[in-house]
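K.L.:
coords please:
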Amino acid sequence: MAHIQVPEGIPGIRSLVMFRPETGKPLYELAQVLLRGESPIPAAERELIAAYVSSRNHCIFCMNSHAAASRCLYGDRASLVNEVLRDAGQAFITDKLKSLLHIAGKVQVLGLEVKPEDIAAARDQGASDREIHDTVLIAAAFCMFNRYVDGLASWTPEDPLAYEDMGKRMAEYGYVLPVKQP
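P.N.:
Got it, this is the predicted structure:
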């Protein structure tokens, strides 16, 4: 049960956005820019970074929903998501993505944990300044989102099928639904 009076049966951040739409709208817009906006990092990998950070923060709702979105975006390579969440260092992903996840993991602990050698290692694997920037911002934002969701004890569905539907919706529509034309 949530710590505040939110709409019943609405999971995770969605219930919190409904409780206070004036703060929820910019949060959804931020998620849209970070996870679906223009970036050299593919959307599937950005969702994976969000799920990875959420996993490390033990935010079950965000981990499951963003892992589901990443699986949808990866398509026939969806199993990579489980590999990364189990052990990113051993997952069958590029060394560049491993280096970006390493940076995201350091941001999740404390931003000051990111050291010049971490950045140099990512650059050695071909990461651009924009990819490093986007990774750090996604990781930092998801620390905030995770704390928001868990700090108010929003409802976290236990049924894995609920996350599959969320993942499909997030993969298809993103975080800011298009305005319907008259």
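K.L.:
how about low-confidence regions in the protein?
P.N.:
The chain contains residues with pLDDT under 70 at 177-182.
K.L.:
Just give me how far the lengthiest helix in it sits from the chain centre.
P.N.:
Secondary structure of the chain per DSSP state H: the longest helix is helix 129-151. Relative to its parent chain, helix 129-151 has a centroid offset of 7 Å by CA atoms, centre = their mean, to the nearest Å.
K.L.:
in that helix, what's buried?
P.N.:
Residues of helix 129-151 classed as buried by neighbour count (16 or more other CB atoms under 10 Å): 131-132, 134-143, 145-146, 148-150. Yep, even glycine has a C-beta here, placed from its N, CA and C like the rest.
K.L.:
and the helix or strand in which Leu35 is found, which residues are buried?
P.N.:
Using DSSP states H and E, Leu35 sits in helix 21-36. Using 16+ other CB under 10 Å as the test for burial, helix 21-36 gives Gly24, Leu27, Tyr28, Leu30, Ala31, Val33, Leu34, Leu35, Arg36.
K.L.:
List every C-alpha atom in the next helix or strand after the longest helix of the chain, with coordinates, as CSV.
P.N.:
Proceeding C-terminally, helix 129-151 gives way to helix 160-173 as the next helix or strand, assigned by DSSP H and E. Extracted as CSV, the C-alpha positions of helix 160-173 are listed here (Å, rounded to 0.1, in the frame of the first residue of the first chain):
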residue,chain,number,x,y,z
PRO,A,160,5.2,-10.9,-14.9
LEU,A,161,2.5,-10.5,-17.6
ALA,A,162,1.7,-7.1,-16.3
TYR,A,163,5.2,-6.0,-17.2
GLU,A,164,5.1,-7.5,-20.6
ASP,A,165,2.1,-5.4,-21.5
MET,A,166,3.8,-2.3,-20.0
GLY,A,167,7.0,-3.1,-22.0
LYS,A,168,5.0,-3.3,-25.2
ARG,A,169,3.3,-0.1,-24.6
MET,A,170,6.5,1.7,-23.6
ALA,A,171,8.4,0.3,-26.6
GLU,A,172,5.6,1.3,-29.0
TYR,A,173,4.5,4.7,-27.6
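K.L.:
ok, and the closest non-adjacent residue to the most centrally placed residue in the chain?
P.N.:
A centroid search over the chain (CA atoms, centre = their mean) returns Ala50, at 2.1 Å, as the residue closest to the centre. Among residues not flanking Ala50 along the chain, His66 sits closest, at 4.1 Å (CB to CB, 6 or more residues apart in numbering).
K.L.:
and the one you found, what element?
P.N.:
Counting by DSSP H and E, His66 is part of helix 60-74.
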